[in-house]
Every structure is written in C-alpha cells, then in structure tokens.
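Engineer: Mind folding the following:
(4 chains)
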Protein chains: 4
Amino acid sequence: MRLSAGCELLFEASAPAPLILMLRPRSGFGQFVMREEYRFDPSVSVIEYVDNYGNLCQRLITPTGLFRVETSAVVETADQIDVQPGAPFVLIQNLPDYVLQFLLPSRYCQSDLLAGLANKIVAGIPAAYDQVEAIRSWIHANVEYRYETSDASTSAVETAKTKVGVCRDLTHLGIALCRSLTIPTRMVVGYLHQLEPMDLHAWFEAFVGDRWYTFDATQPKPRGNRIAIAYGRDAADVALATQYGTLNLTEMKVWVNASN
Amino acid sequence: MRLSAGCELLFEASAPAPLILMLRPRSGFGQFVMREEYRFDPSVSVIEYVDNYGNLCQRLITPTGLFRVETSAVVETADQIDVQPGAPFVLIQNLPDYVLQFLLPSRYCQSDLLAGLANKIVAGIPAAYDQVEAIRSWIHANVEYRYETSDASTSAVETAKTKVGVCRDLTHLGIALCRSLTIPTRMVVGYLHQLEPMDLHAWFEAFVGDRWYTFDATQPKPRGNRIAIAYGRDAADVALATQYGTLNLTEMKVWVNASN
Amino acid sequence: MRLSAGCELLFEASAPAPLILMLRPRSGFGQFVMREEYRFDPSVSVIEYVDNYGNLCQRLITPTGLFRVETSAVVETADQIDVQPGAPFVLIQNLPDYVLQFLLPSRYCQSDLLAGLANKIVAGIPAAYDQVEAIRSWIHANVEYRYETSDASTSAVETAKTKVGVCRDLTHLGIALCRSLTIPTRMVVGYLHQLEPMDLHAWFEAFVGDRWYTFDATQPKPRGNRIAIAYGRDAADVALATQYGTLNLTEMKVWVNASN
Amino acid sequence: MRLSAGCELLFEASAPAPLILMLRPRSGFGQFVMREEYRFDPSVSVIEYVDNYGNLCQRLITPTGLFRVETSAVVETADQIDVQPGAPFVLIQNLPDYVLQFLLPSRYCQSDLLAGLANKIVAGIPAAYDQVEAIRSWIHANVEYRYETSDASTSAVETAKTKVGVCRDLTHLGIALCRSLTIPTRMVVGYLHQLEPMDLHAWFEAFVGDRWYTFDATQPKPRGNRIAIAYGRDAADVALATQYGTLNLTEMKVWVNASN
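Structural biologist: The predicted structure follows:
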C-alpha cells in the first residue's frame, strides 16, 4: 500500500539549543520513498549526516521560543511483512560482519541477563525463526501494552518484571530475549498504518535464515504497511529527536494514511 | 533562494535492463532538501545504497518498453557561493584523510599530464584559492562552451587541446589542472538556476583554506543557487544514470525554478 | 617509550566453536605499531574485518580441544599522556558527527541515571576537562580497585552503589558520569606498562577542547606508556575475545615490557 | 606456504616532505598476517587511516636528508589460487553494492575505449570466468613483459597499442578489457613468491560466480603464494608510496622467502 505518513513536533526553548533529529526515512528493503517533505518554522540551517547504522540524521540549533518541525513522506510499502516459519539459525561464523554487533547487549536490552527467561519461552521450539516468533507472541500475551507505565530509562530487565510497557519496552524485551539466544536482533522505529492510538512506533527485526525479518510484539498478528525511519541496537541509537539544553517537546502529532 | 528543480528521463528497452540512478540530492553544506519526489512509471522495485562518496544511488531493473523516471526537489540554496580570495594552500599533512583521494588522477582528469599547462596559467599567482580562480577563469576565457563537440570518453587532456566542450569537459579540465598543483578537487553534478540552455550541470570544488569552495568555469562570474546532486572524482563516479544492456535514454527534461 | 606487549590465551572446546578476537592494536594517535605477531596453535583459518569503531576484529572457528592464541606487539608510545587542564566543553553543535554517539547511554554506562551523582562531584568545577578530571579522581578516591568483586554484567549504576570493582567497572562509572554531563566519552582497552598486577587494562577518553584526552581512574596520577587495542562505547563493544558455544578460556597471560 | 616478505625503501629529501605509504598487508581472504614489522629511520611520527577500499595507509612527514622505510611480514598464503572455469557472469542487479564501482573506467583503465578489442578476444567464449581467463592469456601471449618501456602515466589504451609493459601495465589492460565486458575487476598490488626479477607485483581480480578470483597476465600459469597489500580501481588508488615535494625514492629492495 502507498502510505502518506508524517509527524509534527513542536518545541519550545528559552535559549538556542542543539537538536538532532532522525526523521527522514530512506528507501530500502520493502519500502521506497516516493515523496518526502521536511519543514522548519522558523527556518534554520541544518546539517545532515549518516550515522553508523545508515540513518540520516539532521543537526540544527533551534531558535529561542517556539520551533516547529514538520516532516512527511509518501512511501510504497508491502501490505504483508515477509514471514518464514522454519527459517534456520545462522551460525555465528556465517553472519555478515555488520550483523555481529546486533548480538551484543545494549543499554535497554541486557541480553546477558535474560537467557533464563528466553530459554523457558523457547523450550522445545526449533531455532531460530520459530523461536523469535515464540518470543514475540509470548510478549504479546504476557506484557500489557499500556501508556505511561514506563519512561526513558526503562529497560528490558525491568519490563520482564513489570510486564507492562509501551511499544518501545515490548521491543526492547523482544530484542534482549532473542540476543540472549545468539540471534542478531535490531530495533526499528517508524510508522505503522492503523496503529491504535496513532503514534510513532517501534518493533524489531531478527536475522534468521539469510536476512532480517520483521516482528512486532504489540500486534496480535504480523502486519505490513510499515515505514522504517531508523535502525539501531536499541532506543539509545534511534531516538527520533535528541534534545539538549533547555529545549522541550511540547506537542507531537503523527499521521499515517493510505495515499494514492 | 528556494529552488524547485527536477528532471524527467524517458528510457526505452527491448528487454528488462539494470539501471543505476543517482538523482536524489542530499541535504548538506549550503543546501537543505525541503521536499523531494521520485516517481517511476511503470512502478518498479528499487534498492537504494550510499556509495563511497556519500551519494544516494538507486538500483532497479527497467521493464521492457517505455520507462519514465521523474524526480524533483525543493531545496533551500544560497544565492551566492562563498568566495575566499587569498585562502591558502593546505599542506598535504593537514588535509583530512577523506580529502586525499581527490588529489589522484582519474579517468577524465589526468592531472599527471597537465602540470605544464597548470603552472603556466598560475605563474605568479599565490596558492591556492587564487590559483584555482585563475584556472577557472582561464578555462572560461579559452575553452569554448559548445554542445556536441565531445562525447562520453572525452577527457581533460583532449579538452586542453581542442579547447571546446560542455560543462562536463570544462569541469574535468579545471579538476585536472588543480590536482596537478596538489590542490584537492572534486566534481559536482546538479542543478543551476537560470542555466542557459537549461540542463543538468557540472562544476567543481577545490579544498583550500579549510574547506571546499565552488568553482564553475562555464560561467563568467561565480553564481549561487545551485543544487548539488552528487560528488565524485570525475564523471565516472557521478553519472546520474548508468545504464546497461539494451536500455536507451530517449528523452530528458530538466527544470529549475524559483519556489516559494 | 617503546613497549613490547602481548598476551596468550588458552581456550578449551568440546566441539568447534566460533570466536571473535579483537587483539590487533592499530597505529593511531600517540602510538605506532612497529612490530606485531599473531599465532594460533593449532593453525586455523581467520577472517579479519573492521568494526564500526575502526577496530580490527578476527573471526575464526576454534578446533575441538586446546586452542592457543598468542599475540604481541612492539609499539612506540608516549611516556606521558597529554593533559589539558582548562580545556573547554565542546558545544554539541561543534562536535564531529562521529563523536556524537559517545554521548549516548550504553549497556554498562547508564548515563541517563547518573546525572545526580555527576553534578555533585563536579559542583563548582569549570567544564569540561577539569570536570572529567574531578570525576576521575573522585572514582579513584571512592571506588576500591579489587578483583573478583564484579562480573561481566556489572554496570556503572551498580558500581556507583557498591563502590568496588576492577578497571572495567571504574571505567564504566567514569564514562557514565561524564556522558551524563554531555561530555562525549569512550572506553579504551589495551596495555599499560607497570600495571600492578599485570593484566589487560581499561580506561576512558573524553572529548574536550578539540580532541580526545586519556583518563584512568585506577591510577593515582596520569601515566603514559599505554597501548590502545580497541575503542568503543563500553565493554560490550571492546571485548577482546567474544566466545560462543562450548568454548572456555582456561588461561591467560599478559606482559608489557620496555623494548629497545 | 608461509611467506616472509618485505621491502626497504630509501628516500632522500632536501626539505621535510609529506609521504603516504600503503605497505601494511591486512589479513583477509586467503591470507593471514602472522607477523609484521614497520621501521622508520630516523624515527618519525605516523598516522594511519583506512581508505575507501579498506587499505591501511600511513601518513608521515619525512625529515630532511635520508629516510629509510623497512617493512616486512610473515603471512600464511595459499599455494594455489582458486580457479573456477565456467563460473558465470553476475548480472548487474545481483552485484553487491560495493562491487559496482569496479565496473567504472578509471585513470589507467579506460574500459569505455576497449570494448572492440575485448569482444574480439572473447568471441565464442562463455561469460564470465572463461572470458577473463581468455583475456589474461591473450595478454600473456601478446603483450611483452619488459622493464623500462612504460612510465607512471602509461594507461591500458597505450599498452593495447604498444603491446609491451610491466606488471602494472599488463594488469591495467586486463582490468580495462574485463570492465568493458561489464565484469567487475580490481587491481591488487603485493608480493609474489619467486617472481623473476623480484619486485613488488601487480595483478587483478575479477568478480565472477559469487566472489573475486585472481588473475595474473604476467605468468604463464596461475600461481599462488601471493600477499595482497592493497586493492583499488587501478594504480592511482594503490600506489605503495605517494610522495610530494622534493622527496625522491633512491633505492628499493624487495624480498619474498619461504618461512617456517
């Protein structure tokens, strides 16, 4: 489906403040950016760079007062995500170099502490696609998706205990559990059509068989019509807005519509 | 000035053919992409990657028959290019690692063969900005800008002899002459407002003082309102469309307008 | 001083197991590798790649049974590390792109949780070099350096509480505290001459003024004669040996001697 | 075979001069660096970086007077190069992104001008391994390997006419001919055991089937026991010493011996 998606962020600053945005989706596997728009009000000077994960990042200094960022894109997406039950575990020695980093524990995904839970969930299930799917569906069944139950410092270990969180937390838990089984897993942030309530979204991808596959623990069933904006090890890498100084995000709107 | 620029390419193929495009400007020094559009008709699957120079490249396979590519962008550009008469030569040992490659001879810029001419042009002129400007203005005065006098294999050595060519040829000559003086120089392709006749354009940048500066031998005076699409050592790196097989480009339109 | 340093690792495996080593120092700032040796017994096939941080990593599969890795290097090092009291804080907008990632929290350096402690330590001290030095010397004074008090999952938050650890833990704490003040900080592992007891070592670097400076909370005073082997966000990135499967490290020797 | 190889370069400068060396082999496909040594006399400060092709480059400033560089390595190499008659042509759309650049013409390999000759040589021969081998053996049979018949500016087009040259020239011709058939081809410089007369050597690799294969037009038959030092598009990218200013290379020794 062709999607028209975007977001509007309103910041307020009592003094000029640096801001790093990561809001420009790139064409890539399963998506092509047909149109894209980026507006700043008031207009500012912006520098763009590519980070270690290939994400396009925008650096700028916000003026004092109100500062509005509006970005939107029309993107061709797949109606269904690819699924591959039975896709085998990739031996470490066969993983591409670039993929190896997604085996490591990270700030919000302490995979070194969660092998016990992971092994319990996947007991008797063949490696690796089916194990990832078992983890995804275990999280969906056992971790409640509820707003305002977690904050920016909540990590997978905590979510494994509290069993409640938002998409970011469910994703962190999925990543940590998979990595503890030596399955490379990475975080994706982006848009999902018909997400309820509409917001920016997070999910994860696992490298099994011979490629990355999409998993989303917040949804009962795999759904397509996603736009990936950024990839990384966890939320630390893929913050869509990293703000410094006296800057506050005071308002945010997100929309995802079918386009034509 | 805010520019709205774009191009439309029409290809015809007697069988499916691979095509690599480089038609997506990135935000960068002196330009910010506010809006961008990319359309293929008929629609095809596209993969995008970043090359060694940071250019975004689109890989696809064209269908049999007609294939239309339309791309456009709204970009904030500077009305004037920065000039810096007197900017000094950068000692090799002080050049950033990444810049060193732009000292090497390349397919169309045989700098190893043109030091004689370069030294003649810059005799008595202080290094390095002023030398680059002297080269630029020598080319403008001595090499005629005329269509259909050169082809895809024409190089700086030939243009130094024939003293005629298109923007690509004048640019190659400028690059080769500067590199022969150990001044890092790279090719830029993109859009230029009010270019006559309107077309995709090419110019060059030299690294002097502590950054890249823009030079354009096709123009009597430095002009701004440029949109860079791709950077590279010479035309081999920055072909906006690299076609294979039975594919022919049968039509091309380019436009650059003031936007608001 | 010219140092001759090396280590010998003995592994034992009940079945062939993948192993990733990061044991090849590169020439870089303040060090030049004059000689280097790498031996495997029994001999195995090895692939080397460069990770996101520029570290050279060796991938291999160990045979069943005993497997010995011996690596050594002769490296020119500086007798004194550079110190720069008074070096100022670098505004976010002036940090090089590559350095930005070292502001983010990471697995063992939860900088998002330690701003309170950091602000207490640096109260009244000018940003930024002097603050980093205050943090370093606070850790040296307040966190006991003792073996077998921590393990592979110990993080900065825990070390801030237990106030005991090994070089890795003191380093993680230093990094987390600095990052909580928006000072880019990274982990270094390597060799230190006359370390007591001799072992592989870890320390940190902070980006202040216009470059990285070395800090080591395990030492009463800044000391030079270091060989950096790997850089990263924290220990997750710079494990000198990442082992999988049934592989066990059964023995390790490290040596660092003056050479001539 | 385990090879011990090295070279000694003696430079003379009437004033300090920048020098860029590319003399450190890396472990990679088919070779593992077990030991390596790098000495400068007099000792100088050196910075090392990785270029676009993954080569390790050393930047330094030579002192006035004599300056000696000695580098050596003990490397495990394969006694035989891999050959794969019948390996098929890789469709452009299936080439890895990184490989695409090795289809482009370059300074010394004007593939855009040599398709006529290439097609004549490979007439009736199936694509692509067998075509590359046909090109290699045609060059071996038709281009004389003779010292002092070419210089630093000699390119494939000239060698195709003069039919004489050194390893660099034969390699450039092989690369240009293969690229004209849309076969990705790159240059390798390094050591070859029992090369007569002993010297630094150059050969080429073509990407066919699903990987790079080694070809050497200077030898009657494929031979192994090679140490690759650097890879690139052509000699412009892989100069083992790029000198500037008043620096002269006055002496060079190369050795390659069986080691144990």
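
Engineer: Please report phi then psi for the residue in the stretch 151-260 of chain A positioned nearest to chain D.
Structural biologist: In the stretch 151-260 of chain A, the residue that lies nearest chain D is A:Asp210 (13.3 Å; Cβ to the nearest Cβ). Just so you know, the C-beta spots here come from the backbone N, C-alpha and C atoms, and that holds for glycine as well. In terms of degrees, to the nearest 10, the main-chain angles of A:Asp210 are phi -140, psi 20.

Engineer: That one: what's it in contact with?
Structural biologist: Applying Cβ atoms under 8 Å, 6 or more residues apart in numbering or on different chains, we find A:Asp210 in contact with A:Val90.

Engineer: Got the domain ranges for chain A?
Structural biologist: A:2-78+A:240-258, A:92-232 (automatic domain parsing).

Engineer: which one of those has the lowest average pLDDT?
Structural biologist: Within these, the stretch with the lowest mean pLDDT is domain A:2-78+A:240-258, showing a mean of 92.

Engineer: And the helices in the stretch 51-200 of chain A?
Structural biologist: Secondary structure of the stretch 51-200 of chain A (DSSP state H, counting those that start in this stretch): helices at A:115-122, A:129-142, A:156-162, A:167-180.

Engineer: What lies in contact with the first one?
Structural biologist: Counting contacts by Cβ under 8 Å, 6+ apart, the residues outside helix A:115-122 that touch it are A:Gln131, A:Ala134, A:Ile135, A:Trp138, A:Ala160, A:Leu177, A:Cys178, A:Ser180, A:Leu181.

Engineer: at 10 Å what do you get?
Structural biologist: Contacting residues not belonging to helix A:115-122 are listed as A:111, A:114, A:128, A:130-139, A:142, A:156-157, A:160, A:173, A:176-183 [Cβ atoms under 10 Å, 6 or more residues apart in numbering or on different chains].

Engineer: Go through that helix and flag the buried ones.
Structural biologist: When neighbours are counted by 16 or more other Cβ atoms under 10 Å in any protein chain shown, the buried residues of helix A:115-122 are found to be A:Leu117, A:Ala118, A:Ile121, A:Val122.

Engineer: Emit the ChimeraX select command for whichever of the contacts of helix A:115-122 are buried.
Structural biologist: To isolate the buried members of the contacts of helix A:115-122 in ChimeraX, using 16+ other Cβ under 10 Å:
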select /A:111,114,128,130,131,132,133,134,135,136,138,139,156,157,160,173,176,177,178,179,180,181,182,183
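
Engineer: Against C:Leu100, how distant is A:Gly245?
Structural biologist: Taking Cβ to Cβ, to the nearest Å as the measure, A:Gly245 and C:Leu100 are separated by 15 Å.

Engineer: Over to A:Asp82?
Structural biologist: Between A:Asp82 and C:Leu100 the computed distance is 33 Å (Cβ to Cβ).

Engineer: Equivalent analysis for A:Val75, please.
Structural biologist: When Cβ to Cβ is applied, the distance between A:Val75 and C:Leu100 equals 27 Å.

Engineer: which one of those two has more residues nearby?
Structural biologist: A:Val75 (27 against 18; other Cβ atoms under 10 Å in any protein chain shown).

Engineer: Around the nearest residue to A:His193 once chain neighbours are set aside, how many other residues sit close by?
Structural biologist: Nearest residue to A:His193 in three dimensions, chain neighbours excluded: A:Asn225, at 3.7 Å (Cβ to Cβ, 6 or more residues apart in numbering or on different chains). Using other Cβ under 10 Å, A:Asn225 has 21 neighbouring residues.

Engineer: List phi and psi for A:Asn225.
Structural biologist: The phi/psi pair for A:Asn225 (degrees, to the nearest 10) is phi 60, psi 50.

Engineer: which residues sit in contact with it?
Structural biologist: Taking Cβ under 10 Å, 6+ apart, one finds A:1-3, A:5, A:75, A:77-81, A:191-195, A:256, A:258 in contact with A:Asn225.

Engineer: Close to chain B: what parts of the stretch 51-200 of chain A are there?
Structural biologist: The stretch 51-200 of chain A has residues A:Gly54, A:Leu56, A:Gln58, A:Leu60, A:Ser72, A:Ala73, A:Val74, A:Glu76 near chain B, with proximity defined as Cβ under 10 Å from any Cβ of the partner chain.

Engineer: Also near chain C: which of those, exactly?
Structural biologist: When Cβ under 10 Å from any Cβ is taken as the criterion, the members of these that contact chain C are A:Leu60.

Engineer: State the pair within the residues of the stretch 51-200 of chain A next to chain B that is farthest apart.
Structural biologist: Pairwise distances among these were taken by Cβ to Cβ; the largest, 28.8 Å, belongs to A:Leu60 and A:Glu76.

Engineer: Okay, strands next: where are they in the stretch 101-250 of chain A?
Structural biologist: For the stretch 101-250 of chain A, the strands defined by DSSP state E, counting those that start in this stretch cover A:144-145, A:164-165, A:185-192, A:201-208, A:211-215, A:226-232, A:241-243, A:248-258.

Engineer: In TSV: the ones you listed, plus distance to D:Val50 and mean neighbour count.
Structural biologist: Compiled in TSV, the strands of the stretch 101-250 of chain A are given as follows (distance: least, Cβ to Cβ, whole Å; neighbours: other Cβ atoms under 10 Å in any protein chain shown):
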stretch	distance to D:Val50	mean neighbour count
strand A:144-145	44	13
strand A:164-165	41	22
strand A:185-192	24	25
strand A:201-208	25	26
strand A:211-215	26	21
strand A:226-232	23	24
strand A:241-243	28	18
strand A:248-258	38	14
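
Engineer: What residues does the stretch 1-150 of chain A have near chain D?
Structural biologist: For the stretch 1-150 of chain A, there are no residues in contact with chain D under the definition Cβ under 10 Å from any Cβ.

Engineer: do you know how far the residue in the stretch 1-150 of chain A positioned nearest to chain D is from B:Asn225?
Structural biologist: Of all residues in the stretch 1-150 of chain A, A:Pro96 sits closest to chain D, with a separation of 10.7 Å (Cβ to the nearest Cβ). In this view, A:Pro96 and B:Asn225 are 43 Å apart by Cβ to Cβ.

Engineer: repeat for A:Ala115
Structural biologist: Separation of A:Ala115 from B:Asn225 (Cβ to Cβ) stands at 59 Å.

Engineer: what sits against A:Pro96?
Structural biologist: Going by Cβ under 10 Å, 6+ apart, A:Pro96 touches A:Val90, A:Pro184, A:Phe207, A:Asp210, C:Tyr49.

Engineer: Likewise for A:Val188?
Structural biologist: Residues near A:Val188 by Cβ under 10 Å, 6+ apart: A:171, A:201-205, A:212, A:214-216, A:226-232, A:238.

Engineer: now do A:Arg39
Structural biologist: The contact partners of A:Arg39, by Cβ under 10 Å, 6+ apart, come to A:Glu8, A:Arg68, A:Val69, A:Glu70, A:Thr71, A:Ser72, B:Met34, B:Arg35, B:Val74.

Engineer: same deal with A:Pro16?
Structural biologist: Applying Cβ under 10 Å, 6+ apart, we find A:Pro16 in contact with A:Val44, A:Ile61, A:Thr62, A:Pro63, A:Thr64, A:Gly65, A:Phe67, A:Gly245, A:Thr246, A:Leu247, C:Gln93.
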